[in-house]
Structures are given as structure tokens and as C-alpha cells.
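Undergrad: Sharing a sequence plus its predicted fold:
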Amino acid sequence: MNFIEPRTLAFIISVLTALSALILLAMRQSFSATVRGVNSWTIGIWIFLICSLLFNFRGQLHPLLSVVLANLLLIISLLLMISGLLHYHGRRLRHHGLIGIATVAFTAVIVWFTLVQPNFQFRLVFVAGILAFILAGLGYLALHGRPVTTGRFVTGAAFLLGAVTCFLRALSVTLNFDRPNTFFDLSSLQVLYLGAFSVTFFIGTLGFILMINERLREILQYNAEHDELSAALTRRAFFEKTKAELSNSRKSGKPVSVLILDLDNFKQINDAYGHHFGDQVIVDFCDTVRSVLRPNDVLGRYGGEEFVVLLPETDSLLIRADKALYRAKGQGRDRIEVAQSN
């Protein structure tokens, strides 16, 4: 029973793919340079569009184009999507030599069972198995790590669905190995397989767009809460963090400490060497302070050359730390004063 003619379904895939690629292209101008992976993913989508068109004209084009080249482009598009996901997570695609050899071997198998010794059933099972493995890898990359956001969930679920679809497709052909031209003998279940695989790329790309938007929100939130020069928390963000920690301290009974750090005679550095040198002093100072802090300690910028450090599970308060700072200044600078607890 035929529900959807394969060419029509392939055309729908091409349209959806083109629309998602146009969305990425339109949004690319507003993406921050720190949002990585967009270029690789977009190129992969456009290559998949070409691949879909070639599959759409199978029977009208030479098999070298509609089968061999189409399958090769499909693998390349998936590899680019993997590269895009890796870049998104700050990693890079490795083992290029092995990937190149595997791609050449894949193409050789397709050429052999298409042009030299045609075997449609074996070729379909072989390609479906490879696709299931790659799509499962894409799903794993999207879902790996914490937190699993909406975008990552949608992307991962879409590609895992595609992997399951390919596996079931290969299994169904294997169990019906003696049936001729199984791919075009579409039962309702086979249409379900093909349709699920078709929407995988579209939904996966929509999920990736959500991931990009989530990363942009993270960047905007980080920039709003951190000083641009020192990367320390802004005064407002630090006080919000301190308020939350004090609330937790009252509930848990664990003390909290606040340190105030001041760079003595900092104006003289700016006057003698320039503001650029002074900025570098602040950057180096903050890097040095962060190197000795615990993972849950928080560094904030209190003023121009004054910084504050929040130390959970210790004992002190901001006002007493402030008084200790001025005692240190009043007693000759270049010294440490300890604020006494009540």
C-alpha cells in the first residue's frame, strides 16, 4: 500500500532542509564569534540539500550521481554536522586520516555494489548500518554533558530517532532479503521508517538553532554579570551572589567570609606607565587571585582597583572586611589586617 511516493517525500525533505539552512544563514549575522560550529553545520545542511535532490532524481540520473555521489555527500554532510557539534562544545574533529580512509572505503563499497556487481538489498543494509552508527554518534554528542537544555534534547532525540530508523530499516530489509526492490515497495511501516528518517535532519537542525540561541543567552548573561576587563563579577552580581550565600549560610549554619582586596597606589601606575599597563596589572592580579581560590569561591570587582572575594563556609562579613581594609591602609599599607568576628 503506497501512501507517499518517494520522490514527493524527497522533495519535501529538500524544501524543509532549504528552509532550515536559510534560517541559519539569516541568523548567522547576529551570532557571536564565540558561538562555534555554525559554519560547519550550515555547510553540512546545504550539502544534504544537494544530496536530497540527487536522491530525488534517482532513475533519471546516472547511478554514479544519484547513488554513489548522493551517498557520499550524505556521509560528508553528517561528518560536517559532527564537526559542528564538536566545535559547539569547544572540541575539534580528530583522526582526519582515518575518517578519510573510511570515507574512501565506504565509497568503494557503494561503487562496487552499484556499478560493478549491483546488489540493491546489500547496499541498502550497508548504508543504513553506517548511517545508524553516525546518527547515534550525533545524538550522543548533542546529549553528552550537563545541563541537557531543550535545544540539546531536541537535537539529540532527533538524531537518535534517525539512528533507530536506519537500524529498523536495515533489519526489515535483512528479514525480507528475497523481496525485490524493497525500497520502492512501500508498506505503511516502511513509509514510517522513511518519514522518520526524513524529518531527522529538519528537526535536528531546528534543535541546533535552539542550541545556538541558548549559547547566545549564556553569553549575554555572562557579559551582564562579569566585568569586561577582569572577568570578575560585577558589583551588582557579586552582591546578589553574596545575598544568596548568606541565606544558605543561615539555613546550614556554615559561616561565610568576604575579603576586600585593594591595589595600593594604583593611580601612580596609570600615571607612570599609562592606562593600558594598568589594565594589564588588573588582569594579572585577578588571574593570580583566581589561581589560589577554591572552586566555589567568587571574585568580584568592588571598585576601580578594589576587589572582593566571597568565601563560603568561612567566617566574616563585608562590613568588617571593609573596616579591616582601611585599618591596613591607615597603618602603612603593604600589610594584612584580619577582621575580628563578633
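TA: Everything's here; your move.
Undergrad: Check the offset of stretch 280-292 from the chain's centre.
TA: From the chain centre to the centre of stretch 280-292 is a distance of 29 Å (CA atoms, centre = their mean, to the nearest Å).
Undergrad: Which parts of it count as buried, going by neighbours?
TA: 281-282, 285-286, 289 (16 or more other CB atoms under 10 Å). Bear in mind the C-beta positions are built from the backbone N, C-alpha and C, glycine included.
Undergrad: for stretch 143-152, same thing?
TA: Within stretch 143-152, the residues that qualify as buried are 143, 149, 151-152, counting by 16+ other CB under 10 Å.
Undergrad: Could you single out the nearest of the buried residues of stretch 280-292 to residue 166?
TA: residue 286 (50.3 Å; CB to CB).
Undergrad: Identify the residues contacting the residue nearest to the closest one when sequence neighbours are not counted.
TA: Take residue 286 and drop its neighbours on the chain: the residue closest to it by CB to CB, 6 or more residues apart in numbering is residue 230, 4.4 Å away. Taking CB atoms under 8 Å, 6 or more residues apart in numbering, we find residue 230 in contact with 282-283, 285-286, 301, 307.
Undergrad: try 6 Å
TA: 282, 286, 301 (CB atoms under 6 Å, 6 or more residues apart in numbering).
Undergrad: Mind pulling up the pLDDT for it?
TA: Predicted confidence (pLDDT) for residue 230: 89.
Undergrad: Pull out the buried residues from stretch 53-63.
TA: Here stretch 53-63 shows 53-56, 58, 61, 63 as buried, counting by 16+ other CB under 10 Å.
Undergrad: Now do the phi/psi pair for residue 311.
TA: Dihedral pair for residue 311: phi -120, psi 90, per degrees, to the nearest 10.
Undergrad: Can you report how many residues neighbour it?
TA: Residues near residue 311, counting by other CB atoms under 10 Å, number 18.
Undergrad: and if you look at residue 117?
TA: 8.
Undergrad: distance of it from residue 260?
TA: Separation of residue 117 from residue 260 (CB to CB, to the nearest Å): 79 Å.
Undergrad: before we move on, what about residue 159?
TA: Taking CB to CB, one finds residue 159 at 50 Å from residue 260.
Undergrad: Show me which of the buried residues of stretch 143-152 is closest to residue 238.
TA: Using CB to CB, those come closest to residue 238 at residue 149, 26.2 Å.
Undergrad: per-residue confidence at the residue nearest in space to the middle of the chain?
TA: For the chain, the residue lying nearest the average C-alpha position, counting by CA atoms, centre = their mean, turns out to be residue 88 (3.4 Å). For residue 88, the model assigns a pLDDT of 88.
Undergrad: show me what contacts the residue nearest to it when sequence neighbours are not counted?
TA: Distances taken as CB to CB, 6+ apart put residue 37 closest to residue 88, at 3.7 Å, once the chain neighbours are dropped. Residues near residue 37 by CB under 6 Å, 6+ apart: 84, 87-88.
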